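Enquirer: A predicted structure for the sequence below; I have some questions about it.
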Amino acid sequence: MAPPGRQPPPESSRAPKLQHAELDREAGRLPDGRTYNTCPSAGICRQVCYARHGTYTWPTVRAKHQANLQFVLDDLPGWEQAMIRELGAEKFRGVWVRIHDSGDFFTDAYTRSWLRVMRARPSVFYAYTKEVARFRALVEPGAPDNFLWVFSFGGAQDAALNPEWDRVADVFPDEESIAAAGWHSQEGNDLLAVLGPRLVGIPANLWVPKTSSVGCDLQD
C-alpha cells in the first residue's frame, strides 16, 4: 500500500522526479587516506555493482559522493540538519525521495539519523537495502509512516530473508526470467519496487538506474 494520500505510479516507463542522497561506492579510500565500506552486507552483488562503473567513476561525480560521505563520517548531526533543511525546499514538496543510489545504511547511527530526517519532513522516502539485521532491529519495530523499503538479494544476509512475507528484490537475466519465476518487474517505474507486488524482479540490463534525477545537495 502507498502511504496515505499517495497513489501508485502510473503504468508507464516515465519515472517520477526522484531525489537521491548519494554516498560513494561500496568500498574505497577517501582523499585523506581513510578507508570505508558503505555496503557492509554486500555479497555477490559486488561483482556487478553499477557504482563501480560508468558515470560513478568520473572524477567530479566521485568527488561529490565522497564529499557527502565525509560529511556523514565527520559531522553526522550537521549532515542530519543539512538534510532536513534541504528537504524543506519547495522543490521537494510532494516528491518521492530515494535514499541511496549507491551505498547503504552502513551504521546504526547513520540509520537512526535518516529515520529522524524522515520524521521531520513530509516527503515519502524509499530505499533498497541489504542491511536485514539492522532493519529488523532499528526500523521495523517503529518505522516512520512515510518510509517504504525493499530488501535486495545478493548480500551477506540473504539467509535472513523470507520471500513469503518480506518485500524482496532480485536481479534476473531478462523480463522473461522474471515472469517465469512468478515475480514482477519494476521496469516501468522504480517505485514499483515498493508499491507493486512483493516479489520484485529487476532485469539485468536495468541494474544501472535509468532515472536522470539530481542529487540532494548537502550544503550548509
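Expert: Nice, I can see it.

Enquirer: Doesn't residue 69 belong to a helix?
Expert: Yes: assessed by DSSP: H, G, I helix; E, B strand; the rest coil, residue 69 belongs to a helix.

Enquirer: okay, now it: neighbour count?
Expert: Taking other C-beta atoms under 10 Å as the criterion, the count of residues near residue 69 is 24. In short, each C-beta sits where N, CA and C put it, glycine included.

Enquirer: Surely it touches residue 31?
Expert: No: judged on C-beta atoms under 8 Å, residue 69 makes no contact with residue 31 at a distance of 10.9 Å.

Enquirer: Show me what the nearest residue to residue 130 once chain neighbours are set aside bridges to in the sheet.
Expert: Nearest non-adjacent residue to residue 130, counting by C-beta to C-beta, 6 or more residues apart in numbering: residue 155, 3.2 Å away. Residues in a beta bridge with residue 155, per DSSP bridges, are residue 42.

Enquirer: what number of residues lie near residue 155?
Expert: Neighbour number of residue 155 under other C-beta under 10 Å is 23.

Enquirer: before we move on, what about residue 145?
Expert: By other C-beta under 10 Å, neighbour count at residue 145 equals 11.

Enquirer: name the element it belongs to?
Expert: If you go by DSSP states H and E, residue 145 is not part of any helix or strand.

Enquirer: What distance do you get for it to residue 122?
Expert: Look at residue 145 and residue 122: by C-beta to C-beta, to the nearest Å, they are 10 Å apart.

Enquirer: all strands of the chain, in order?
Expert: Along the chain, the segments classed as strands by DSSP state E run 18-21, 27-29, 35-37, 96-99, 124-129, 147-152, 168-172, 184-185, 199-203.

Enquirer: Residue 82 is nearest to which of the ones you listed?
Expert: Closest approach to residue 82 among these (C-beta to C-beta): strand 18-21, 10.5 Å.
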